[in-house]
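Sequence first, then the predicted structure, then my questions.
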Amino acid sequence: MGALAFALAAAPGCRAKQEVVAGGQPSASAAASARPPVDHLEPGELTPGKAVVFGMRVPRSMSVDRRYPDAAHISGSVTPESVANYVRKRVAVSRVEIGAARTVFPAVKIKGGDPQKTYRIEVIASPGRTKLVIRDTTKPPMTRGLSEAERWKRAGLTPEGKPLDPKHLQ
């Protein structure tokens, strides 16, 4: 029985401990251990899927509807708020426009994408679905050494702003 009493006396180390400081409040280390692990999702948080558009992983619960060289249309049955929060974590942004039906990230750099590219990302609420539209808005590099007339000509216009060839207006 002496061995059993010794084993029971040593057993308190096996039970969960909570450090208490003066005033009956748990200490900071106890509060930190009460937080959920880093690999747990917040309520409504989306997880990355396998599809990648312009260097950004598409949320697992969304699918790529259309993809073009300079744009992608993505949709899914998720809340617009969760999509906007997902995008916010994956882009470098200085300004966000929030409205009733859409959230617009007007000029962003995608953290996993080409750092030379600028994108416009729109999160659009529609009945039962959320649409995510990503557009490459990077301006083409300016060709140096061209005269004013040459620039107009490359744009297909005269220096007065009229079309060079009226037959090719369409």
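Looks like it arrived, so ask away.

And V58, how far from R67?
Separation of V58 from R67 (Cβ to Cβ, to the nearest Å): 10 Å. All C-beta spots, glycine's among them, are computed from the backbone N, C-alpha and C.

Mind checking which of these two has more residues around it?
Ranked by neighbour count (other Cβ atoms under 10 Å), V58 and R67 place V58 first, with 21 against 13.

tell me the SS of the more buried one?
strand (DSSP: H, G, I helix; E, B strand; the rest coil).

For the nearest residue to it once chain neighbours are set aside, list the residues it contacts.
Nearest residue to V58, sequence neighbours excluded (Cβ to Cβ, 6 or more residues apart in numbering): A51, at 4.1 Å. By Cβ atoms under 8 Å, 6 or more residues apart in numbering, the residues touching A51 are 57-58, 63-64.

Do you know the pLDDT at A51?
Looking at A51, its pLDDT is 95.

go on, R154?
pLDDT, read off for R154, is 81.

Find me the pLDDT at the residue lying closest to it once chain neighbours are set aside, would you?
Distance criterion Cβ to Cβ, 6+ apart; nearest residue to R154, sequence neighbours excluded, is L146 at 7.4 Å. Looking at L146, its pLDDT is 83.

So E81 lies in a helix, does it not?
Yes: assessed by three-state DSSP, E81 belongs to a helix.

can you list the domains in the chain?
48-136, 141-170 (automatic domain parsing).

what's the most buried one of those?
Of all the domains of the chain, domain 48-136 carries the top mean neighbour count, a mean of 16, counting by mean count of other Cβ atoms under 10 Å.

measure that domain end to end?
By Cα to Cα, to the nearest Å, the extent of domain 48-136 from end to end equals 21 Å.

what's the answer for stretch 50-66, then?
16 Å.

Measure how far it is from the centre of its chain, please.
11 Å (Cα atoms, centre = their mean, to the nearest Å).

From V133, how far off is S126?
12 Å.

For stretch 100-115, which outside residues touch it?
Contacts of stretch 100-115 (Cβ under 8 Å, 6+ apart): 52, 54-57, 80, 84, 87-88, 90-97, 117-125, 137.

The residue nearest to R154 against A155, yeah?
No: under the criterion of Cβ atoms under 8 Å, L146 makes no contact with A155, lying 10.8 Å away.
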